[in-house]
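> Any chance you could fold what I've pasted below:
(4 chains)
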Number of protein chains: 2
Amino acid sequence: MTRTAWAAPAKFVMSERSITEQLGDLQSAREGRGTRTRQALQEAALRMVEGDRSFSGLSLREVTREAGVVPTAFYRHYATMEELGLDLVAESFETLRRMIRSVRSEGLPTDRIITSSVELLVKHVHAHRRHFGFIARERYGGYASLREAIRREIRLFAAELSTDLARFPLLDRWATEDLQMLASLMVNAMVSIAEDILDAPQRPDAEADIIRRAEKQLVFMTLGIPAWRSQPPR
Amino acid sequence: MTRTAWAAPAKFVMSERSITEQLGDLQSAREGRGTRTRQALQEAALRMVEGDRSFSGLSLREVTREAGVVPTAFYRHYATMEELGLDLVAESFETLRRMIRSVRSEGLPTDRIITSSVELLVKHVHAHRRHFGFIARERYGGYASLREAIRREIRLFAAELSTDLARFPLLDRWATEDLQMLASLMVNAMVSIAEDILDAPQRPDAEADIIRRAEKQLVFMTLGIPAWRSQPPR
DNA sequence: TGTACATCAGTGAACGCGCGTTCACTGATGTAC
DNA sequence: TGTACATCAGTGAACGCGCGTTCACTGATGTAC
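Residues are numbered from 1 along each chain as shown, chains lettered A, B, ... in the order given. Model prediction:
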């Protein structure tokens, strides 16, 4: 089943429906049962991936069972599990993107920008454990198409970060390539922080160690910035 | 079947046997058929993981089929696929450890230490694609025990690197915690270089870009070193 | 507002298949004498 | 060196199970008049 473009809603019953349900409209032209089952499938898969299991290890029948629906109902929404997975990648990054967009418009206190960024990331990881866990698990996981999609999204973040960095004093005269180098270093660090937080035992002191190391690493990187230009970058 | 400690070989027919076969003795007390099948299973699994597939997606029967052996023969060597996987983790890191040990004893030219390190890593990734691919795929993959084993090995590398770093001027007075911070930053960077190399299309120019970015990142990190102490590390 | 109709999301039975695991076996390899 | 024996790695048949996918169906939802 291929996804159809969103035409015009036949009816507006917005007040009865949650925000996530409304977002579902972007994917399903019909309201009601159809959208609900589609979301039940997505949520079932995320719930099952929350523990130790990887998405590519889930069977179609397991997911439909968890979603409380008959296996054949799956095919009304996706042709394969891989398609469901791509939907979940998009959804996971959407929440992350929303967070970053709000930071970009509101800004963070510049004097404590590192502490605030790390804190925000950690808070977000906890608030969206299932999405982050799914992404971490599938980043090098089973389906090639999911891996590619995730890799693309992460590269996109690095690109966006490098334009943000360009606005800082000292960095505003850096070559694009050098900004990308720094951005990818920072994004990589953030990704491993997120993965460490996910895998860390839930004890708060283990987490505090991770946070402290992450802050140190970011501070350390900023120290390299003034020195970089004196060393001609090739 | 639990692995038995290596006692004394009943016979020495070394000349007939390859180095890898001899290494196999460390895992199997008996020579001959037994060891050969065990290795056939390991190599079959690595071969199958080389493409897009993840280890946790392999079935026991597939592996034995690829190894040219009947499914039940598997149980003479491993109780589960997970056990095979742990063997492969150990084997993969063993080759990497051997490389690093030789670097540590022979050393690299200090004036081009970054270039040489990156070059060596890239060479090693190409020479052991199957091992690196396996590790990358399973780092956040299916079996929790494999993930833990890999995580432990990577942490071990960071610990070893931080003692190596302590021998450098400027770094010799750093606090242990700060050295660990820097080491984990460098190991993370190296890990993502390896993963990028693996996933990069085999065109040499794409690879050249990755290498250049990696070198820049490492140079950038060294620039932060002299500045760090002036900023009291808490 | 009420009714007849079209759409299509979800159902339930059925299929053939590859899976992990069991079991009693076979026969090659190494040991004791 | 030669023979009888023990060990145990590898065999092959068989099992029950969950899987993905098919099909004709049912009945709720939304539309046209």
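
> Can the helix or strand where residue A:147 lies be said to contact DNA strand D?
If you go by DSSP states H and E, residue A:147 is part of helix A:144-165. No - against DNA strand D, helix A:144-165 shows no contacts by C-beta under 7 Å from any atom of the strand, the least distance being 15.0 Å. Backbone N, C-alpha and C define where each C-beta goes, glycine included.

> Neighbours of residue A:110, how many?
Counted with other C-beta atoms under 10 Å in any protein chain shown, the neighbours of residue A:110 add up to 8.

> what residues are up against the residue of chain A found nearest DNA strand C?
Residue of chain A nearest DNA strand C, by C-beta to the nearest atom of the strand: residue A:37 (2.7 Å). When contacts are counted by C-beta atoms under 8 Å, 6 or more residues apart in numbering or on different chains, residue A:37 touches A:67, A:69, A:73, A:76, A:77.

> what comes up buried for the stretch of helix or strand it belongs to?
Per DSSP H and E, residue A:37 falls inside helix A:33-49. Applying a neighbour-count criterion of 16 or more other C-beta atoms under 10 Å in any protein chain shown, one finds A:35, A:37-46, A:48-49 buried in helix A:33-49.

> residues contacting the residue nearest to the spatial centre of chain A?
The C-alpha lying nearest the average C-alpha coordinate of chain A belongs to residue A:93 (C-alpha atoms, centre = their mean; 3.3 Å). Neighbour list for residue A:93: A:135, A:153 [criterion: C-beta under 8 Å, 6+ apart].

> Can you get me a residue count around residue A:64?
20.

> Residue A:75 is in contact with that one, correct?
No - using C-beta atoms under 8 Å, residue A:64 makes no contact with residue A:75, being 9.9 Å away.

> Residue A:140 in helix, strand or coil?
What DSSP: H, G, I helix; E, B strand; the rest coil gives for residue A:140 is coil.

> Please report how far residue A:161 lies from residue A:117.
According to C-beta to C-beta, to the nearest Å, residue A:161 and residue A:117 sit 11 Å apart.

> and if you look at residue A:132?
Distance from residue A:132 to residue A:117, by C-beta to C-beta: 16 Å.

> now the helices for chain A?
Here chain A has its helices, by DSSP state H, at A:19-24, A:33-49, A:60-67, A:81-106, A:113-127, A:129-138, A:144-165, A:176-199, A:204-228.

> quick one: average confidence on stretch A:223-234?
For stretch A:223-234, the mean pLDDT works out to 74.

> Show me the shaky parts of chain A.
A:1-33, A:230-234 (pLDDT under 70).

> Please repeat the previous calculation with a cut-off of 90.
A:1-35, A:50-53, A:107, A:110-111, A:140-142, A:144, A:199-203, A:229-234 (pLDDT under 90).

> interface residues of chain A facing DNA strand C?
Residues of chain A found near DNA strand C (C-beta under 7 Å from any atom of the strand) are A:30, A:33-34, A:36-38, A:69-73, A:76-77.

> ok, the closest residue to residue A:43 other than its chain neighbours - contacts?
Leaving aside its chain neighbours, residue A:43 sits nearest to residue A:67 (7.4 Å; criterion: C-beta to C-beta, 6 or more residues apart in numbering or on different chains). Residue A:67 is in contact with A:37, A:40, A:41, A:43, A:44, counting by C-beta under 8 Å, 6+ apart.

> re the thing from before, buried subset of the contacts of residue A:37 as a PyMOL selection?
Here is the PyMOL command that picks out the buried ones among those, judged by 16+ other C-beta under 10 Å:
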select buried, chain A and resi 67+69+73+77
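
> Show me which of the contacts of residue A:37 is closest to residue B:215.
residue A:77 (46.8 Å; C-beta to C-beta).

> For residue A:104, give me its contacts.
Residue A:104 touches residue A:164, counting by C-beta under 8 Å, 6+ apart.

> With distance to residue A:173 added, can I get the residues of chain A next to DNA strand C in JSON lines?
Below are the residues of chain A next to DNA strand C laid out as JSON lines (distance: C-beta to C-beta, whole Å):
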{"residue": "A:30", "distance to residue A:173": "54"}
{"residue": "A:33", "distance to residue A:173": "58"}
{"residue": "A:34", "distance to residue A:173": "54"}
{"residue": "A:36", "distance to residue A:173": "54"}
{"residue": "A:37", "distance to residue A:173": "54"}
{"residue": "A:38", "distance to residue A:173": "49"}
{"residue": "A:69", "distance to residue A:173": "57"}
{"residue": "A:70", "distance to residue A:173": "62"}
{"residue": "A:71", "distance to residue A:173": "59"}
{"residue": "A:72", "distance to residue A:173": "61"}
{"residue": "A:73", "distance to residue A:173": "58"}
{"residue": "A:76", "distance to residue A:173": "56"}
{"residue": "A:77", "distance to residue A:173": "51"}
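
> so how far is DNA strand D from the residue nearest to residue A:145 when sequence neighbours are not counted?
In space, residue A:145 comes closest to residue A:82 once its chain neighbours are excluded; the distance is 5.9 Å by C-beta to C-beta, 6+ apart. Look at residue A:82 and DNA strand D: by C-beta to the nearest atom of the strand, to the nearest Å, they are 10 Å apart.

> residues touching residue A:82, list them.
A:143, A:145, A:146.

> Likewise for residue A:196?
Contacts of residue A:196 (C-beta under 8 Å, 6+ apart): residue A:210.

> rerun at 10 Å
A:125, A:206, A:207, A:209, A:210, A:211, A:213, A:214, B:151, B:184 (C-beta atoms under 10 Å, 6 or more residues apart in numbering or on different chains).
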